[in-house]
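**Student:** structure for the following, please:
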Amino acid sequence: MGKTAREVIRQTVTGLPEPLRGLVASSIRFVVRKKPTKADLALGAKPDDRGIFIGFPILENDGDDAGELYAVEGEDIAQHESAAVLRADEGDLVADLEPYTPGGTIAIFTGNIRPFTETELVDVLMHELAHFAGEDEEGALELGLADHSDAEGGGG
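**Tutor:** Residues are numbered from 1 along each chain as shown. Sure, this is the predicted structure:
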């Protein structure tokens with residue numbers, strides 16, 4: 001590959017449409033490593049992942065009914081000295097709670113990208129950007145942004 005991974009990332013981000021380009025440039029930190037570190041693994045990366053997005057995705061309020069916050073079942077709130085512990089129910093749009101700022105880190109693991117070409121790197125990067133845009137693995141696949149390793153049973 002003639003360009004460095006950082007040059008490819010810079011070129012890819014520059015080519016994104018606005019307002020996504022501005023949001024990515026201002027709120028995503030890019031990290032390039034050979035392999036996931038222990039810290040990456042603790043945050044959910046798998047040893048063979050080609051990349052990972054860790055952070056808060058962009059969520060649109062599309063009118064779907066979200067779940068509700070609830071107190072831990074069976075606990076007597078009055079017995080606690082502090083305020084009740086609330087947990088998000090599956091389906092909650094936590095982004096609706098203020099303050100919420102989308103952003104985070106996209107880590108690219110170059111040692112797991114085979115063959116390591118510019119095209120493969122861009123594929124991985126776009127896949128992780130799809131996660132930042134709020135897409136899960138299935139959504140990324142529908143957008144044509146599935147990481148090749150996803151189709152082979154690996155992670156993205």
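
**Student:** domains of the chain?
**Tutor:** 5-58+102-151, 61-97 (automatic domain parsing).

**Student:** can you tell me which of these the model trusts least?
**Tutor:** Note on the domains of the chain: lowest mean pLDDT is at domain 61-97, with a mean of 43.

**Student:** by contact count, what packs against the longest helix anywhere in the chain?
**Tutor:** Secondary structure of the chain read by DSSP state H shows that its longest helix is helix 118-132. For helix 118-132, the elements it packs on are helix 5-14, helix 20-27, strand 51-56, strand 103-109, helix 137-142, helix 148-151, judged by 3 or more C-beta pairs under 8 Å, 6 or more residues apart in numbering; DSSP states H and E. In short, each C-beta sits where N, CA and C put it, glycine included.

**Student:** okay, these in JSON lines with distance to residue 129 and mean neighbour count next?
**Tutor:** Formatted as JSON lines, those follow (distance: least, C-beta to C-beta, whole Å; neighbours: other C-beta atoms under 10 Å):
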{"stretch": "helix 5-14", "distance to residue 129": "8", "mean neighbour count": "15"}
{"stretch": "helix 20-27", "distance to residue 129": "7", "mean neighbour count": "14"}
{"stretch": "strand 51-56", "distance to residue 129": "8", "mean neighbour count": "20"}
{"stretch": "strand 103-109", "distance to residue 129": "7", "mean neighbour count": "20"}
{"stretch": "helix 137-142", "distance to residue 129": "9", "mean neighbour count": "15"}
{"stretch": "helix 148-151", "distance to residue 129": "15", "mean neighbour count": "16"}
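
**Student:** done for today, thanks.
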